[in-house]
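[1] Sequence and predicted model, in that order:
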Amino acid sequence: LIDKDRKVLQIHWGGGTPNYLELDQVKFLWKNITRNFPIASDAEVSIEINPRYVTRDYILFLRDIGFNRISFGIQDFNPEVQKAVNRIQPEALLFDVMSWIKEAKFDSVNVDLIYGLPYQTLDTFRETLHKTMALDADRIVVFNFAYVPWIKPVQKMIPQAALPGAEEKLDILKMTIEELTNNEYLFIGMDHFAKNNNELAIAQRHGTLKRNFQGYTTHAETELFGFGATSISMLEDAYAQNHKELKDYYKAVAAGVIPTSKGIKLTQDDIIRRDVIMSIMSHFQLNKSEIEQKYHINFDKYFGYELKELAPLQADGLVNVLADEIHITDIGRLLVRNIAVVFDTHTRTRETKFSRSI
C-alpha cells in the first residue's frame, strides 16, 4: 500500500503512555518499524511519556535507540488541582525527569499544561507557568480542559462548582500568553508556544507551518499514517480511522485486513476548505488571491456565506476581513478555532454536543 522508497520524515509514539512498554518491547517495536520503513537520516522521532512511570535508564535508552524529541504532561503543579484530577506528580519528580532528558540530549522537549481544571485560579496557574518556564522546555502546549462528562463519565467525579468560569478561564489564557511571550516563547497557533529558535517558530516565520491531528507540524507536504487503535490517517484526499475497541482492532489485524473502522474521501470543496482552515489556524491570516490562484475560484463569491458569518466576529474585533486578506487580531487569536470553524461545513451540519471553546 505504501511505496517502500518513500522516506519517513516524522515518527510519533503517542496516544497516552507509550512508556508503559518494557524496554525489550520498545526495542522489538522499533526494530520492526525500521525494518519495514526507510527512515530519513534527519527524521523527527518523538515519543510521549508519563513522568510518573519513567526512570533515568528508560530515558537514556529511548535516546540511544533513535528518539530525538520527547514530550510529557505536567497539567498543573498545584497539589490541590493534581488531587482533583487524580494526577499526582510531585514537583521534584518533574524536575528530575527534565534533568534526565537534558542529560540524554534530546533535540527538543515539549511539556503540556491544561487550563480550566478544578481549583485553578489566575494566581495558582501563574505559579504553574513560572515553574514550567524554569524547566526550560523548547515547547509548551497549553490545552483547554474539555469538561465533557456526557462523553467521559469519569469526569462526573470532578466537582463542577470547582471549575473556573468562562471569564476566569479567558483571563487565565490571556495571562498565559502574556507570561510566555514575555519570556522568550512565541505564540504558535491555538495552544502552542515555542522558543524563537525552535523549528515550529522558524516554520511559522517561513510560512511552512501546518496543523494535523498531532498538533502543529513543520512538514506541510507529508501524509500521516496512523497505527494502533483509534489512530487517524490523513492522506492527500482522504481520512481514515482505526477501530476504537481493542477487540475489534485485534480481530482485524489477526484476519490480515486493514483495521480501519471508517473513512472519508475528500471532495474538492473539502480540500479547498481544509487549506483555508489550515492557513487561519497556522498563520492567523489568509491570502485570498493565493486560494483563488491555487483552486481557480473567486474567493468572495465561493465563500459568500462564510464572509457574512464573519461579520459579527469582525464587529467584536476578532478578525479583519480586507479586500485580499483575512487577518486574525491579537484578541481573535484566543478564539481562532471559532473563527476557522466558520469555513467548516461538516461542523455546521453536526448537532453533536462538544465542549465549549472557553
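    Nice, I can see it.

[2] Let me see the contact set for the residue nearest to Q268 when sequence neighbours are not counted.
    Distances taken as Cβ to Cβ, 6 or more residues apart in numbering place Y295 nearest to Q268, at 7.7 Å, with adjacent residues excluded. The C-beta positions use only the backbone N, C-alpha and C, and glycine is treated the same way. Applying Cβ atoms under 8 Å, 6 or more residues apart in numbering, we find Y295 in contact with 268, 272, 275.

[3] Pull the number of nearby residues for E48.
    E48 has 19 neighbours, counted by other Cβ atoms under 10 Å.

[4] what kind of secondary structure is it in?
    Following DSSP: H, G, I helix; E, B strand; the rest coil, E48 is assigned to strand.

[5] now F193
    Secondary structure, three-state DSSP: F193 is strand.

[6] Tell me what the closest residue in space to it that isn't next to it in sequence is bridged to.
    In this structure, F193 finds its nearest non-sequential neighbour in Y185, 4.1 Å apart by Cβ to Cβ, 6+ apart. Beta bridges link Y185 to K195 when assigned by DSSP bridges.

[7] pLDDT wise, what is Y185 at?
    With respect to pLDDT, Y185 scores 95.

[8] Likewise for the one 3 residues further on?
    Looking at I188, its pLDDT reads 85.

[9] ok, now R333?
    Looking at R333, its pLDDT stands at 86.

[10] Count the residues that sit near the closest residue in space to it that isn't next to it in sequence.
    Nearest residue to R333, sequence neighbours excluded (Cβ to Cβ, 6+ apart): F284, at 5.9 Å. For F284, the tally of surrounding residues (other Cβ under 10 Å) stands at 21.

[11] Relative to R211, how far out is F284?
    Distance from F284 to R211, counting by Cβ to Cβ, to the nearest Å: 12 Å.

[12] Between these two, which contacts overlap?
    Contact with both F284 and R211 is made by no residue, according to Cβ under 8 Å, 6+ apart.

[13] give me the low-pLDDT residue ranges for the protein?
    Low-confidence segments of the chain (pLDDT under 70): 1, 16, 213-214, 220, 348-358.

[14] domain ranges for it?
    Per automatic domain parsing, the domain ranges recorded for the chain read 8-217, 232-265, 268-349.

[15] out of these, which comes closest to L224?
    When the domains of the chain are compared by Cβ to Cβ, domain 232-265 sits nearest L224, at 4.2 Å.

[16] Can you list the buried residues in the closest one?
    In terms of neighbour count (16 or more other Cβ atoms under 10 Å), domain 232-265 has its buried residues at 232-234, 239-243, 249, 252, 259-260.

[17] Need the contact partners of the helix or strand harbouring V111.
    Using DSSP states H and E, V111 maps to strand 108-115. The contact list for strand 108-115, computed with Cβ under 8 Å, 6+ apart, reads 46, 68-76, 98, 101-102, 125, 128-129, 132, 135, 137-145, 169, 172-173, 176, 198-199.
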